[in-house]
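> no FASTA, just this:
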């Protein structure tokens, strides 16, 4: 039985962690920490948990870690998370960090895009990027896993087979991404106001979204080449889900069948990647509330269009975090996730 | 040509006022006032107006009214509005106030429900409740019109014919009301967050919504009797629209045909009330973006169920406000509204 | 291990049955029958099941039942279902019928509202109405359970405590019900077209909805009195969920606390009914994708307003059907449902 | 006063035509023709028109044209429309055809993509592609205007300035398009079912959508070069609106300012194209229910990303059709459209 804490318990991703862990036969939530709200039970914040899970939240403090915890999920915002990660690691507690603070091997890239000095470079060195389909072996032995961003998870799972086989030009990858609104978090602001989002659609952060360097750094890592991605996120009026439509140029002619075979080989043993057959295309409806990523590709002229869809809160955040926990703690990888 | 100012220009209702007035052949917007934001153009706030209507907003101040204005629409919140209304009236400017501050003849009811002392009782005495279908003659001569609330507009138009004919028991009126989210205003808060409202539905303010005494006071006025309404508003995942489903008890047996005839007579000359024929029921789709109210009734057992639908931002706010302006200023009543 | 068949496998309710049963540790789906589509796998219809559950569908035929099945869920439409139920029962297979065909003890009521002659009156006599909170003991021994309608489930769970205690007038119950669109089924028609339902809201089947007599007959049964309900369903732009707002008149004065105590007593041991505390009101978001019913009540003047919310596809259909199976087959009642 | 007929009156686009024409001071609807439904008034189909516009629909027949009509809008489906167009033209009636039947100068392209033989090649020769921003002078003298498709309108308005200046490679244009559901028409089918579209998102017709050759043929025409567009449409859960996100490669380095200046010059006198300033991006909310197209561009690496948004039923269909009528009939171009 793995004893689990959640640090930043009032985030949307934390609710998904809780729901998933409550179904997990070999994990138990023993700690909920929050920075601001004290004296509350988690079911005061997420009323859906009332009478199911009414655990009180503890005030998170620096230099004071809960006892009776084997692993913590940290759902604090980037730049905040790294202020708390060291104390857990130092106390021998494994960490799955859902923020961006430990995703970048090149500290300068992080500091440029997140506009702060990294306060914990030593742990950064040991952190493993938690995309199990690419880095499972390293995750097994890790004490600190940097859980991938939602867009990078979707994009990378679609691109990885082609990049690893060196089949495409890595400096002309176009990623047109569409996301539901829960990706913007639980804080009310103009851009999450119902009337601003409903019956509306727009791109945002074009060329400056922080998931851009995250995608590029992993492509560079597995592709051994310079990388440039044109990443354009859009907000879609729905609660959950991400679809990436990606336009890549193959180095030589390839057929639809060849790509499907490649995808099928690459993901043959993966429990959470579903390669679409025939003319089926990934759709949000078929991945939402699951930890599954659906992918397909279609050759068109000199380009190949790859589609990849996930639930941003599950495979794009909390589901993948539990998948990482399962790997780190020796549980069956799908536990709690089917 | 009526010269018009809008005080509180950044509210959702102000955008509807602007759109409506831009189509109005005999009105011209000459002033936009806001309390907080200065140095902005209205198209900075409502980007849909860019290059169509880029008027700068003025800082609203007490004891300083714009020149060159014949009538102002005030879209400030209740309890704030009455701090500004007097200065416009004193300067000879007509006022259509969209807040609740001048809707109650009994000052004690206002003070009980709005929890402040009324600061302008003298003008309150002269204010006319701006529901043209009931009070058109008084509106004609008014200098201060209290524009009705959105729920009261919908409810009262459905109930008025039966109440005026003394056909129902006024102390057992059940109003189950459903509203789109724009009724909650433009301020981001948890209850207007996209992910809290989308795929969700709930009642709110049961028994304590401030539109309850407004509905009761007008029913008492036109019905000459004690009144009690069971008013239950619900939030519906859509931008605009209100549907009231109302369950009343008739004093004697009545048929569907008799009620329809009564409705048709009552509203025979009204340009903005559409009595449904046959089995058609009011629906939001058929009134949204219009100043129309749709009503129908169905007798069932000892009760009659009345349905009444409006666009909360149009007939429930800004459309009706322009209708009032038309009546006050001698324009054709439908001008700008068809 | 209970071996389960689903007859009418392509309905929305069947997808929910499949998802629920796949998580059930002591049940196994061994048969999927459909009337029309042959040669298909269920994952062709519900692509979300691809690679998870690709079972082929069998052509359903009269006088021919699958072997290796202990219990069937029947999701065929009313009037069709009773054409198939007898053959399963006669073969010793237990039946949970999700249609209305076995819900009415008075055959004349069924025939009046469903406009056909009942073809299986003998089994009708033995059928048990499958609302476990009211009829658990009878369900335990039943071979044929009539699974309740979605609206009746929501309405009855809110009303039952007051009716059983004889606290309200049963001939003046107003049920204003709001439902998501999945309640209208999977067949495309004008009333389920996206653009007709989105940003829209309307009542339908006022006074003639077939769930009216179902609600009335159960109230009469448990209340021992004449019953008349004013039942008005509305279509809400969301996929799933029902909220009933019910206005009842108590025979004597009652307080909010007394009703809450009554509710808490009545449902003290129920795993799937959650009585709201304090001022919390039931909301769809807190029951969707669960088998939970949330209820609360508020006294207002001479009436009490009761709110009751469920997921129409879960507690209102497939979740409750599995709950019934659990009771009939001796499994823990919550199995597969938490 | 232009006397107008609508042929195919029950389409969604026809409702928008009617609403627009009812506000048009110099046009009058004198004829509504439908193929199937007879003996109906248009307000039976579109109940929003009740008591506003209850005109009866005539049975459309071949070789029989209405008298008292100067111009008809034809909203019949492609391949059907060309069966009716000749009889109107032969009777001296101008035609704005909203189908694809007269959009292709190369008959072979039409026949390949629409899979029928073109039955009216002679009129095809005289037809003018009705995108006023590009072909206004030709539209002025036309008797037959082929109203552009919704996606082509959005895409071409964003691309045209760069293509006419020969600034981009025309054989590597990526158009990732997102559309609301009304673009799929009024016929109920699985792909327009509320529960299939709501909370869902997917690409469709990848590489085979019929708007692909339409876009390519106009680019070839104005660009004088070989053209290949990667066009990928997606269905978004909202009623109306199209956003095209387009990734093009410029032949030489260009700055954001240069592109904005180019756009501003190109559209300086256009009443219905709004070039965004600064960092504003096109969004659906700012064009829906208007005839406006919003565009902006952003340089990123070696590519430029162009965004272009319209209301698919207005600038993408009926609004543009009325704009064309205004040009053909000598009315002010914006009449009825502001």
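The structure has been received and is ready for your questions. Since this is a predicted model, take the numbers as computed values, not measurements.

> what segments of chain A are helices?
A:12-22, A:42-45, A:81-90, A:107-114, A:121-126, A:132-140, A:150-164, A:194-197, A:211-223, A:256-266, A:319-329 (DSSP state H).

> for residue C:336, which of those is the nearest?
helix A:12-22 (14.5 Å; C-beta to C-beta). No exception for glycine: its C-beta is placed from N, CA and C like everyone else's.

> and whichever residue of the stretch 101-250 of chain A sits closest to chain C, backbone torsions?
At 6.7 Å from chain C, residue A:199 is the closest residue in the stretch 101-250 of chain A, using C-beta to the nearest C-beta. Dihedral angles of residue A:199 (phi, psi; degrees, to the nearest 10) stand at phi 60, psi 30.

> I'd assumed residue D:287 was in contact with it.
No: applying C-beta atoms under 8 Å, one finds residue A:199 not in contact with residue D:287, separated by 11.6 Å.

> to chain B, which of the helices of chain A lies closest?
Counting by C-beta to the nearest C-beta, chain B lies closest to helix A:194-197 out of the helices of chain A; the figure is 4.4 Å.

> anything in the closest one near chain C?
No: Helix A:194-197 lies apart from chain C when judged by C-beta under 8 Å from any C-beta of the partner chain; the minimum separation is 11.5 Å.

> quick one: contacts of that helix?
A:181, A:190-191, A:235, A:237, B:12, B:181-182, B:186, B:192-194, B:196-198, B:237, B:239, D:285 (C-beta atoms under 8 Å, 6 or more residues apart in numbering or on different chains).

> circling back: which one of the helices of chain A lies nearest to residue C:250?
That would be, of the helices of chain A and by C-beta to C-beta, helix A:42-45, which comes in at 30.3 Å.

> just to revisit the earlier point, counting only strands, which of the contacts of helix A:194-197 make the cut?
Judged by DSSP state E, strands contain the following of the contacts of helix A:194-197: residue A:235.

> comparing residue A:199 and residue D:287, which residue is more hemmed in?
residue D:287 (28 against 22; other C-beta atoms under 10 Å in any protein chain shown).

> and that one, what pLDDT?
Residue D:287 is assigned 98 on the pLDDT scale.

> and if you look at residue A:101?
Note for residue A:101: predicted pLDDT of 98.

> so who does the closest residue to it other than its chain neighbours touch?
Setting aside the residues directly before and after it, residue A:101 is nearest to residue A:82 in space (C-beta to C-beta, 6 or more residues apart in numbering or on different chains), at 4.1 Å. Applying C-beta under 8 Å, 6+ apart to residue A:82 gives the contacts A:99, A:101-102, A:118-120.

> if we can go back for a sec, hey, what's in contact with both of residue A:199 and residue D:287?
Residues touching both residue A:199 and residue D:287 by C-beta under 8 Å, 6+ apart: residue D:241.

> do you know how far residue A:301 is from residue A:252?
Taking C-beta to C-beta, to the nearest Å as the measure, residue A:301 falls 14 Å from residue A:252.

> can you name the residues that contact the residue nearest to residue A:184 when sequence neighbours are not counted?
Counting by C-beta to C-beta, 6+ apart, residue A:192 is the residue found nearest to residue A:184 once chain neighbours are left out, at 5.1 Å. For residue A:192, the residues meeting the contact criterion (C-beta under 8 Å, 6+ apart) are A:181, A:184-185, B:188, B:193-195.

> right, is stretch A:215-225 up against chain D?
No: applying C-beta under 8 Å from any C-beta, one finds stretch A:215-225 out of contact with chain D, separated by at least 11.2 Å.

> stretch A:31-43 near chain B anywhere?
No: on the criterion C-beta under 8 Å from any C-beta, stretch A:31-43 is out of touch with chain B, staying 13.0 Å away.

> same question for that stretch: list its buried residues.
Residues A:31-35, A:42-43 are the ones in stretch A:31-43 that count as buried (16 or more other C-beta atoms under 10 Å in any protein chain shown).

> endpoints of stretch A:27-44, how far apart?
23 Å (C-alpha to C-alpha, to the nearest Å).

> what does that stretch rub up against?
By C-beta under 8 Å, 6+ apart, the list of residues contacting stretch A:27-44 reads A:1-10, A:14, A:18, A:21-22, A:45, A:49-60, A:66, A:68-69, A:72, A:76, A:80, A:322, A:325, A:331, A:335-336.

> run the chain-centre distance for that stretch.
For stretch A:27-44, the separation from the chain centroid amounts to 22 Å (computed by C-alpha atoms, centre = their mean, to the nearest Å).

> near chain B, which residues of the stretch 51-200 of chain A?
Going by C-beta under 8 Å from any C-beta, the residues of the stretch 51-200 of chain A near chain B are A:181-182, A:186, A:188-190, A:192-199.

> kindly reformat those as a markdown table containing pLDDT.
Output for those, formatted as a markdown table (pLDDT from 0 to 100):
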| residue | pLDDT |
| --- | --- |
| A:181 | 98 |
| A:182 | 97 |
| A:186 | 92 |
| A:188 | 95 |
| A:189 | 96 |
| A:190 | 94 |
| A:192 | 96 |
| A:193 | 97 |
| A:194 | 98 |
| A:195 | 97 |
| A:196 | 97 |
| A:197 | 98 |
| A:198 | 98 |
| A:199 | 98 |
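
> what is the end-to-end distance of stretch A:190-200?
For stretch A:190-200, the end-to-end distance is 13 Å (C-alpha to C-alpha).

> so for the residue in the stretch 101-250 of chain A that chain D sits nearest to, what's the pLDDT?
Per C-beta to the nearest C-beta, residue A:202 is where the stretch 101-250 of chain A lies closest to chain D, at 3.6 Å. Looking at residue A:202, its pLDDT reads 97.

> and the residue of chain A that's closest to chain B?
Closest approach between chain A and chain B, counting by C-beta to the nearest C-beta: residue A:188, at 4.0 Å.

> pull the number of nearby residues for residue A:225.
For residue A:225, the neighbour count with other C-beta under 10 Å is 12.

> quick check: it touching residue A:167?
No: using C-beta under 8 Å, residue A:225 is not in contact with residue A:167, being 11.9 Å away.

> please report how far residue A:171 lies from residue A:108.
20 Å.

> neighbour count winner among those two?
The residue with more neighbours, out of residue A:171 and residue A:108, is residue A:171; 15 against 9, by other C-beta under 10 Å.

> of the contacts of helix A:194-197, buried ones?
By 16+ other C-beta under 10 Å, the contacts of helix A:194-197 give A:181, A:235, A:237, B:12, B:181-182, B:186, B:192-194, B:196-198, B:237, B:239, D:285 as buried.
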